[in-house]
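The following comprises the amino acid sequence and a computationally predicted model.
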Amino acid sequence: MTATAERPQATIFKRPSSTEGIWSWLTTVDHKKIGIMYGYAAFFFFLLGGTEALLLRWHLASANSEFLTAGAYNAMFTMHATTMVFLFVMPASAAFMNYLIPLMIGARDVAFPRLNALSWWIFFFGGIFLYSTFIFGTSVAPISPDGIAGNLAAGGGPGSFNWLADSPDGGWFGYQPNAGAFYSPGTAMDFWALGLQIIGLASLISSVNFIVTVLNMRAKGMRLLRMPVFVWMSTVVAFLLLFSIPIIAVALFMVTFDRQFGAVFFSPVGGGDPVLWQHLFWLFGHPEVYILILPAMGIVSEVLPVFSRKPLFGYSAVVFAGAAIAFLGFGVWAHHMFSSGITPVAQAAFGLATMTIAIPTGIKIFNWMGTMWGGRLRFTTPMLFAIGFVAMFTIGGLSGVTHAVVPSDWQQTDTYYIVAHFHYVLFGGSVFGLFAGLYYWFPKLTGKVMDSRLGKWHFWLMFTGFNLTFAPMHWLGLQGMVRRTWKYAPETGLEPWNVAATVGAFIIAFSMLIFMYNWYNSRRRGVDSGLDPWDARTIEWTIPNPTPEYNYARSPAVTSLDHFWHFKYDEDDEGRAVRKEDADEIIAELEQEGLNPIEPIHLPNPSYFPILMAVGLPIVFYGIIYHTTLWGKLLIAIGAVITLSSLIGWAIEPIEEPHAPQDGGEPDPEPEGVDAGV
Amino acid sequence: MPLKMAASPTRNRRGWMPVSDVAHDAVVDHHEEHESTGIDSRKLGMWAFLSSEFLFFGALISNYLLYSTRAGFDGVYPAEIYDIPFTSVSSFVLLMSSLTMVLAHNAMSRGDQNGTRTWLFATAALGAVFLGGQVFEFTEFIVEFGMTLSSNPAASAFYLLTGFHGLHVAVGVIMLLSLWGISRRKGELSDSQGMNLELVGLYWHFVDIIWIVIFTVVYLLSVPPG
Amino acid sequence: MSTEQHAHPTPAQYWKIAALLGLLTAVEVGMFYVNREYDLGGFNAVILIALAILKFVIVVGWYMHLRFEKSTLTRFFTAGFVLAVGLYLVVLSAMGVVVIRGG
């Protein structure tokens, strides 16, 4: 007799109960659905950010180009970076964390399912709010003392994309007072500041959720040092978020108050100190870059062992190195300020601290190499991306070490050398790692495998295009090509390698088309994966593909690291893995058991309130931007009412509906009173 | 998250994938959560959140320390116009609200629903008095001394810090009144609402200890520069 | 409600703690006026900060019950506090407010 996962029946309490269609997505609290939504949203923003990059690259392919006006150029590099950092890499990592963490620790969902949905919807509406700057934002040029308007003056023919100039143009780092009220009048930078505020809140809530999930929801026997490295890295990231988001929140409030309410935190005219902004921003900003890379490092730590057919070399060292990177990462922020006038003592201290991060990073790199060494490598698509990660991230890390040497950094800072560095670690690192994860875990999502020929075309084209784009930037920077600068003169001789970089960018774009086609096609017509397509090691592969709604038919009891591997393999006298004779049978039994739970499973109920509450926040923030008008004040009130009443509704909705009895047995006891689990 | 399973005999197939013991205990208490640390998940979450708030208020306090010690600004410095007796009284009021909060929690744990309601209301009332004091103080500063958000960076920093603290108090008052309201409507708070009371209490005490720091650092120790 | 093995303080003890907190506050305010009159220099700051720390620890330890909870919670709390103090001290030092050996 098999039982099925139960959906509560409709009752007078009106908690939603759809299992299909758009309503099930709007009210879901299922971590897998939430992860999928994060993933698609992140990918959509990746395409937008990539388009912004292509516009930049097209412009930079010619010296003295007027393809973009100066204002549009500033807006493009601002939005490209803001999009990629906050709207692509972070939510893409969130997608993986949401989908995988409960599976990897043997849980049915996260600790706070509704809060999880809230984080997603806050992010979603926050992203829309930020991008609505392209519709609503204004960026009037400041009037200089002789009465001439600034950035809109140059160029401006029909092809100049000048309409893009009305969006945030103060850099993704919003340096003050340039991005303040006087030098960036209009509403564009307010969309930027408030948009990031909203998105930051989503991350903060999510970090609390994941910390509690990992600490409290582990299956029996899943000790902390038996968890997959990806779970460890995600937990470390959650701590980084927990402690760094509040700092940027304060900084963004200060900017908003400066711009909207007449405060004088950062404007020198009023006595404010621009360097304070830099400290506060980078106090957040540096942990942020570790937030961007650690999940990808976690993914790579999962993929490499599987396709090397060897355990991860030095599991504990990799875990502790990740924690060390995060901890040290809080102590190096002023290395972004070496040329901002900080004292020599500060420069020396931060330079030294920055160099120490190379140590745990190096440990990880050597351990990944040690994992591959002596293994019987299988060059599947995820493996190619993972190996690509190790190589490209190492290059980026090496240029990073050169930045840590202060006098050297004085030459490099604000040049394309820096641009090369962070694209090697963020694209060659994070993006490659994320793609490794997409190909690797695609079967869990869909029950199918992505086409490997197309996958390899994607990888090699992307790898080639990426290196063609960013390698030249090392020497372009050393030759003096300055960042964030609209034009370069032909006599600098910088044009040829800029053209090469542009060609590389379009090759990347083409490779993305191949990927998108592969994704779409494999979902429909891909080869069935079965339970264990990769001969994997960790427990998320012990359940059927695609993942059943309830995850585990029965809660697993874990007895070791790489628990699944030990079902399938014994070790011979020389320590080599030997596949057990009944391994295939075991897999078949797992599939059977996974699809046929024998006990009734109650899943967390869906809810309207996360999406409702999330909608209220951008409304309040639109109101703040227009607060001098009546409409603005109304919007603040309406948004506040929506948020507050959703919060109350959330607090009093019952945590569970009473269920119909199974097989004529006793009905479930009534939930006592109203409940307020989150 | 509730996970209910009917009791079933432990089945041992070839020694692998043993059924977790957690399954059997889950039936007993409807609200038994899976807690590898032995700490209630919501409590753990609240403490994690509160620890992040140190970074939030730390930034605001540092901001004040930076600007309030910087000489040469036009306009009034906050430290020139503090009304220490007044602020001492309102600090005392907030401090006592922590007492009433903890008495509410104590009453709840003893099953005294009436006492819980009374002390909840008292806490909210004291919080409201504190907020009233803040509003009065801000009004005095603006109207009588002309110190606004725009006067100078020290003023901006003062208003942002105390303003956000006040906002936190206001949110706390709303949560307290909500619990009080639920208790009045239903006649009692359930065990789960009791946990919510404890969580609100933790939040409330935290807001109080931030004020302990602010009172000393911003009011008592702050001296106008030069 | 999670069951707790340890006993909470009684209401009477909570009142006593409140009285102590009130007393400490009175001492703080007193110190403020004494300092205004006699200018005790750095000593004033030390005493006032010590008193604030004392009040802080009492509220956290007894009212927030941290003294009796599992150490995990204390670790969270301490981590946030130590990180905040450390980071902001460095920022204030770099901006010239706090002087740390010529930094």
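Looks like it arrived, so ask away.

in which helix or strand would I find residue A:551?
Following DSSP states H and E, there is no helix or strand that holds residue A:551.

Now for it, how many residues are close by?
Neighbourhood size, residue A:551 [other C-beta atoms under 10 Å in any protein chain shown]: 23. Yep, even glycine has a C-beta here, placed from its N, CA and C like the rest.

Ok, the one 4 residues further on next?
The local packing of residue A:555 (other C-beta under 10 Å) involves 20 other residues.

That one contacts residue A:219, correct?
Yes - if you go by C-beta atoms under 8 Å, residue A:555 and residue A:219 touch, sitting 5.4 Å apart.

for the longest helix along chain C, what is the average pLDDT?
For chain C, the helix that runs over the most residues, judged by DSSP state H, is helix C:11-38. Across helix C:11-38, pLDDT averages out at 94.

Now tell me what touches the next helix or strand after that helix from outside.
The helix or strand immediately downstream of helix C:11-38 is helix C:42-58, counting by DSSP H and E. Outside helix C:42-58, the residues that touch it by C-beta atoms under 8 Å, 6 or more residues apart in numbering or on different chains are B:95, B:209, B:212-213, B:215-217, B:220-221, C:17, C:20-21, C:24-25, C:27-28, C:31-32, C:35, C:40.

let's see it at 6 Å
With contacts defined as C-beta atoms under 6 Å, 6 or more residues apart in numbering or on different chains, helix C:42-58 is touched by B:209, B:212, B:216, B:220-221, C:21, C:24, C:28, C:31, C:35.

who touches the residue of the stretch 101-250 of chain A found nearest chain C in this structure?
Across the stretch 101-250 of chain A, the shortest distance to chain C (C-beta to the nearest C-beta) belongs to residue A:243, at 5.7 Å. When contacts are counted by C-beta under 6 Å, 6+ apart, residue A:243 touches B:55, C:83.

Report the secondary structure state of it.
For residue A:243, the assignment made with DSSP: H, G, I helix; E, B strand; the rest coil gives helix.

any idea of the angle the helix or strand hosting residue B:199 forms with helix C:11-38?
Assigned by DSSP H and E, residue B:199 belongs to helix B:191-214. In terms of direction (axes from the mean of the first three to the mean of the last three C-alpha atoms, to 10 degrees), helix B:191-214 departs from helix C:11-38 by 10 degrees.

Now do the helices in chain B.
B:22-25, B:41-68, B:84-109, B:113-139, B:153-186, B:191-214.

Give me the contact list for the last one.
Spelled out, it's helix B:191-214. By C-beta under 6 Å, 6+ apart, helix B:191-214 touches A:675-676, B:42, B:46, B:50, B:57, B:94, B:98, B:101, B:105, B:108, B:168-169, B:172, B:175, B:179, C:1, C:52, C:55-56, C:59, C:63-64.

Settle this for me: residue A:205 is touching residue A:117, isn't it.
No - at 10.4 Å, residue A:205 does not count as touching residue A:117 under the criterion of C-beta atoms under 6 Å.

The two: which has the busier surroundings?
Counted by other C-beta under 10 Å, residue A:205 and residue A:117 do not tie: residue A:117 has more neighbours, with 28 against 22.

residue contacts, that one?
Applying C-beta under 6 Å, 6+ apart, the residues near residue A:117 are A:29, A:610.

give me that answer again for 8 Å
A:27-29, A:34, A:607, A:610-611.

From the chain's centroid, how far away is the helix or strand hosting residue C:82?
Per DSSP H and E, residue C:82 falls inside helix C:71-94. Mean-position distance between helix C:71-94 and its chain equals 13 Å (C-alpha atoms, centre = their mean, to the nearest Å).

again with stretch A:561-578
A distance of 34 Å separates the centroid of the chain from that of stretch A:561-578, by C-alpha atoms, centre = their mean.

Start and end of it, how far apart?
Distance across stretch A:561-578, first residue to last, is 17 Å (C-alpha to C-alpha, to the nearest Å).

what comes up buried for it?
A:561-569, A:577 (16 or more other C-beta atoms under 10 Å in any protein chain shown).

now check that stretch, is it near chain B?
Yes - using C-beta under 8 Å from any C-beta of the partner chain, we find that stretch A:561-578 touches chain B at residue A:567.

Likewise for stretch A:345-355?
No - taking C-beta under 8 Å from any C-beta as the criterion, stretch A:345-355 and chain B are apart, separated by no less than 15.5 Å.

what's in contact with that stretch?
A:328, A:331-335, A:338, A:342, A:401, A:403-406, A:409, C:93-94, C:101-103.

wait, residue A:116 sits on residue A:206?
Yes - using C-beta under 8 Å, residue A:116 is in contact with residue A:206, at 7.2 Å.

mind listing what residue A:76 touches?
A:52, A:55-56, A:59, A:68, A:164.

what about the residue of chain B found nearest chain C, distance to residue C:91?
At 3.0 Å from chain C, residue B:51 is the closest residue in chain B, using C-beta to the nearest C-beta. Here the criterion is C-beta to C-beta, to the nearest Å. By it, residue B:51 lies 19 Å from residue C:91.

Repeat that for residue B:38.
For residue B:38, the distance to residue C:91 equals 37 Å [C-beta to C-beta].

Show me which of these two is the more surrounded one.
The residue with more neighbours, out of residue B:38 and residue C:91, is residue C:91; 25 against 10, by other C-beta under 10 Å.
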